[in-house]
Structure formats: C-alpha cells, structure tokens
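*Asks:* Here is a sequence with its predicted model. Questions after.
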Amino acid sequence: MKAVYIAQHGGPEVLTYGDRPNPEAGPGDITLRVRASALNRLDLNLRDGKSYKGPLPRVMGCDIAGEVVAISPAARTDLKVGDRVILDNRTKCGVCEACRMGLDQNCSNQKRLGVDLDGGHAEYAIAPASNAYRIPNAMSFTEAAALPIVAHTAWHCLVTQAQIKPWDDVLIQAGGSGVGSMGIQIAKMMGCRVITTAGSDWKLEKAKALGAAEGINYRTTKDISQRVKALTGGKGVDVVFDCVGADTWEQNLLSLKAGGRLVITGVTSGAKATMDLSLLQGKPLNLMGSGGRSRRTFADMMKLVNQGSLHGVVDRVFPLDEVAEAHKVLESREYFGKLVIES
Ligand SMILES: [Zn+2]
C-alpha cells in the first residue's frame with residue numbers, strides 16, 4: 001500500500017511517501033480503508049525523535065477516519081464491513097490493574113496509533129475493534145479525522161478535569177490550535193463565557209465564529225491577565241485551558257480568580273516554568289494536568305459528534321503524497337484548527 005513513513009528522525013525531508021506492506025490484523029482487530037488522517041503537534045516530536053525512541057520505520061498519522069473493510073473473527077463488536085468510523089488512537093490492555101479498576105486512562109500498557117504503532121497516513125490501517133466509533137452519515141471523513149485527539153482532549157480537560165459549569169468564565173489559550181478550537185466549542189456548549197487568545201486577528205475572528213465571546217491578540221496585548229481582568233469585572237476567570245506551556249504559565253496564574261482552576265494539556269512552548277507559590281497559597285488555585293484519557297470520555301465526546309453538536313475544524317486538506325508540505329504548515333502555525341491528509 002501507499003503510505004507516509006519515517007525511517008529516521010529529522011526535518012520534513014525524512015517523511016517518505018512510498019510502499020509499505022499492508023498491515024496484518026490480529027485477533028480482535030478491524031482493518032480500515034483510511035480516507036483521512038489529521039496532523040497533530042505530536043507528529044513533530046515523533047518525526048524529530050523527541051517523544052519517540054522506538055523502532056522505525058513508522059507510518060505516521062494519529063487521527064484516523066475511514067471505512068471498515070475487514071473484521072477479525074475474534075473481534076467482539078457490532079461493527080459491520082462498510083461502517084464509517086474514527087479511531088481512538090490509544091489502545092488499552094484491559095488486564096492491568098488500572099484497566100480492571102475502570103481507570104483505563106492510566107493503563108500501564110497503552111500504545112498510540114501513529115506513534116508506538118503504525119498510523120493513518122496510509123491506504124490501510126488496523127486497530128482493535130473497540131477503538132472504532134461510528135460517525136454520522138452526513139459527516140465527511142475529512143471533518144471526522146479532525147476530531148479524535150483534540151475533541152477527546154478538550155472534553156477530558158474541561159469537563160472531567162476542570163468540571164466547567166454554565167456560569168464559568170473560561171480562558172482558552174491558543175484558540176486557533178486544534179485543541180483550542182474544540183475547547184471553544186465545548187465550553188460554549190456547556191454554557192460558559194469564553195475568552196480566547198491568538199496571535200492574529202483573523203484567527204480571533206474565526207474563534208468568535210465558533211463561540212468565543214472575547215478575543216485577545218497576544219502579540220499586540222501587553223498584559224493578557226490585565227485584559228482578562230478587564231473583561232471579567234476585575235475578578236479573573238474561573239478556568240484556564242492551556243496547551244502552550246511555559247510562555248503562558250505566569251499569565252495563566254495571574255488571570256485566574258480566587259479558587260480558579262487551571263488545566264494544561266501541552267507544553268509546546270517549553271516545559272520549564274517558575275511560579276510564585278504565594279499565588280497558589282493565597283488565591284488558592286487548583287492546578288491540573290490532562291494526563292491520560294479514558295474510553296468513557298471518548299464515548300461521551302462521540303455522543304456530541306453524533307448529535308451534531310461538535311464539529312471538526314478543518315483548515316486545509318493535502319493529498320497523501322504531500323504530508324511533508326503539511327508538516328511545514330504545521331510548524332509555521334499559520335492555520336486554524338486542523339490540517340488533514342486525504343488517502
Ligand atoms: Zn491496561
């Protein structure tokens with residue numbers, strides 16, 4: 001089959017479009033004819049070797065949408081050949097202590113499609129049948145591929161971790177990112193008032209179209225926390241959702257009201273930050289990380305997708321042989337939502 005894979009770590013030039021053996025489904029697996037697969041910032045860390053030291057070659061692509069073309073006889077599933085699905089990209093073992101306690105987000109044997117296992121920048125992909133979820137008939141594969149990781153992450157962070165309430169003011173950093181664009185939709189859907197940041201006015205306009213009430217351009221705004229305070233009657237926000245990391249850390253803490261909740265799901269600008277511990281003590285603040293995500297929260301998120309409440313946000317589409325071009329756009333950050341590869 002045709003696929004895009006890496007055989008060594010490096011820049012976009014190591015992304016190779018070529019022939020790979022068709023994947024061989026194991027017991028319990030389904031085989032998909034992949035139709036679309038989305039890019040994630042995680043792909044850059046896999047490509048350059050920062051987050052993955054495992055064996056190569058590896059077919060890339062963590063977010064996968066396609067049609068079921070084969071089902072292992074051993075699979076316990078109600079899926080049928082021809083079903084249109086997306087995949088939860090984390091496989092869980094089902095037998096470790098965490099899995100047996102119903103805490104599969106902490107499974108000690110989880111593997112990621114597109115990182116630890118071959119992914120979806122290919123004509124075919126395999127996954128455990130339990131990782132596949134049907135998508136609405138009216139939803140394109142391209143839109144569907146833009147959903148799994150960012151929608152799952154945003155739902156998990158905002159609803160499970162930060163437990164957003166309809167009366168909350170929520171600051172979503174990087175509203176133009178994949179996870180930010182999902183966070184805006186979810187917080188708005190839950191009744192929150194959303195304030196978001198982006199580095200361009202055109203991204204802020206798109207963020208407002210998704211449901212943000214206020215936008216802050218972080219390139220032209222000197223003090224984001226002061227602007228947040230001004231927009232919240234001097235109080236600050238109840239919740240901050242952040243995927244940026246070190247660059248936004250201090251402003252996040254200063255933007256929170258007393259008792260505020262901060263949840264982070266990425267450290268793309270850096271992982272090391274200092275903090276004034278008196279802020280934590282005095283306000284007091286609740287600081288949370290994303291951590292693993294459960295099958296339960298994926299199923300919750302899919303209910304919203306199937307009722308038409310949550311939509312994939314696609315910026316641009318590339319053919320399978322142009323993944324390297326797509327990676328250059330991913331590195332440039334000049335996009336809103338997701339970049340999607342069609343197979
Ligand atoms: Zn497990």
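*Replies:* On my side now, so go ahead.
*Asks:* count of neighbours near the residue in the stretch 201-343 of the chain that the ion sits nearest to?
*Replies:* Nearest residue of the stretch 201-343 of the chain to the ion: Gly292, at 10.2 Å (Cβ to the ion). Glycine gets a C-beta too; all of them are placed from N, C-alpha and C. Residues within reach of Gly292, counting by other Cβ atoms under 10 Å, total 14.
*Asks:* Now do the contacts for it.
*Replies:* Arg90, Asp104, Gln105, Asn106, Cys107, Gln110 (Cβ atoms under 8 Å, 6 or more residues apart in numbering).
*Asks:* and with 10 Å instead?
*Replies:* Contact partners of Gly292, counting by Cβ atoms under 10 Å, 6 or more residues apart in numbering, are Arg90, Lys92, Ala98, Leu103, Asp104, Gln105, Asn106, Cys107, Gln110, His156.
*Asks:* Then Glu342?
*Replies:* 34-37, 65, 140-142, 145, 317-320, 322.
*Asks:* Kindly report the same for Gly94.
*Replies:* Gly28, Arg100, Asp104, Cys107, Asn109, Pro128, Ser130, Arg295.
*Asks:* How many residues are close by the residue nearest to Arg41 when sequence neighbours are not counted?
*Replies:* Nearest residue to Arg41 in three dimensions, chain neighbours excluded: Thr268, at 5.6 Å (Cβ to Cβ, 6 or more residues apart in numbering). Other residues near Thr268 number 17, with proximity taken as other Cβ under 10 Å.
*Asks:* can you check the one 10 residues further on too?
*Replies:* Ser278: 8 surrounding residues under other Cβ under 10 Å.
*Asks:* Could you give me the buried positions within stretch 98-107?
*Replies:* For stretch 98-107, burial by neighbour count (16 or more other Cβ atoms under 10 Å) applies to Ala98, Cys99, Asp104, Gln105, Cys107.
*Asks:* Sorry, slip of the keys, the one I care about is stretch 218-236.
*Replies:* Across stretch 218-236, burial judged by 16+ other Cβ under 10 Å covers Tyr218, Ile224, Ser225, Arg227, Val228, Lys229, Leu231, Thr232, Gly236.
*Asks:* gap between the fourth one and Met1?
*Replies:* Translated: Arg227. Distance, Arg227 to Met1, by Cβ to Cβ, to the nearest Å: 50 Å.
*Asks:* same check, this time on Gln8
*Replies:* Gln8 sits 21 Å away from Met1, going by Cβ to Cβ.
*Asks:* Looking only at neighbour counts, state which of these two leads.
*Replies:* Neighbours per residue, other Cβ under 10 Å: of Gln8 and Met1, the larger number sits with Met1, 15 against 11.
*Asks:* Can you tell me the closest non-neighbouring residue to the more buried one?
*Replies:* Nearest residue to Met1, sequence neighbours excluded (Cβ to Cβ, 6+ apart): Glu123, at 4.1 Å.
*Asks:* Per-residue confidence, that neighbour, what does it come out as?
*Replies:* pLDDT, Glu123: 98.
*Asks:* Let me know whether it touches Ala3 as I believe.
*Replies:* Yes. Taking contacts as Cβ atoms under 10 Å, Glu123 lies within contact range of Ala3: 6.9 Å.
*Asks:* between these two, who's got more neighbours?
*Replies:* Neighbours per residue, other Cβ under 10 Å: of Glu123 and Ala3, the larger number sits with Ala3, 28 against 18.
*Asks:* List the buried residues in the host helix or strand of the more buried one.
*Replies:* Using DSSP states H and E, Ala3 sits in strand 2-6. Buried residues in strand 2-6, defined by neighbour count with 16+ other Cβ under 10 Å: Ala3, Val4, Tyr5, Ile6.
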